[in-house]
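> okay, here's the prediction I keep looking at, along with the sequence it came from:
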Amino acid sequence: MLRLGAAISLLYNGGAGVSATFDLPLHFAFRLIEMAGGALLLVGMWTPAVGIVVAADEVWRTLAPDVSHPAVPLLSILLAVVAASIAMLGPGAWSIDARLFGRRRFEIEGHVRRNY
């Protein structure tokens, strides 16, 4: 669900600004990164790498005054945090990465797992 929510937000935010910022190449590049990152996160392809790139893109958009959208800087911060979280969590069970490379589960030693 986290990947789905982030992907939809990135696709919508990137797609909404492409037509408005077509004349500025740097703005267009940031929007293209958002849209490509959203699409790759949606299908679960290269999840950790895409999460890092999208998080860096959103942090850059927040800090750079010539690139950021002043009305909604909190959206970029939120998307950066969510993308970094997705990069740390890795691919989900229903992702292309899980099909290609398998899904790894981390078990904490000393933790007793009980099934109720």
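Happy to help now that I have it. Numbers count the residues shown, from 1 in each chain.
> roughly how far is the longest helix along the chain from the heart of the chain?
Identified as the longest helix of the chain according to DSSP state H is helix 25-43. Chain-centre distance of helix 25-43: 9 Å, with CA atoms, centre = their mean, to the nearest Å.
> same question for stretch 3-19.
With CA atoms, centre = their mean as the basis, stretch 3-19 stands 10 Å off its chain's centre.
> buried set for the helix or strand just after the longest helix of the chain?
Later in the chain than helix 25-43, the nearest helix or strand by DSSP states H and E is helix 47-63. For helix 47-63, the neighbour count (16 or more other CB atoms under 10 Å) marks 47, 50, 51, 52, 53, 54, 55, 57, 58, 59, 61, 62 as buried. Yep, even glycine has a C-beta here, placed from its N, CA and C like the rest.
> what's helix 47-63 packed up against?
helix 2-18, helix 25-43, helix 73-89 (3 or more CB pairs under 8 Å, 6 or more residues apart in numbering; DSSP states H and E).
> if we can go back for a sec, packing partners for the longest helix of the chain?
helix 2-18, helix 47-63, helix 73-89.
> now do the contacts for residue 7.
If you count contacts by CB atoms under 8 Å, 6 or more residues apart in numbering, residue 7 has them with 38, 39, 41, 42.
> what stretches of the chain score poorly on pLDDT?
Counting by pLDDT under 70, the ranges of the chain that qualify are 17-23, 65-72, 103-108, 110-116.
> same thing but 90
Per-residue confidence for the chain (pLDDT under 90) gives these ranges: 1-6, 9-35, 41-48, 57-79, 86-116.
> would you turn the helices and strands packed on helix 25-43 into CSV with distance to residue 95?
Shown next, in CSV, are those (distance: least, CB to CB, whole Å):
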stretch, distance to residue 95
helix 2-18, 7
helix 47-63, 6
helix 73-89, 11
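> tell me which of those helices lies nearest to residue 26.
Taking CB to CB, helix 47-63 is the member of the helices and strands packed on helix 25-43 nearest to residue 26, at 10.1 Å.
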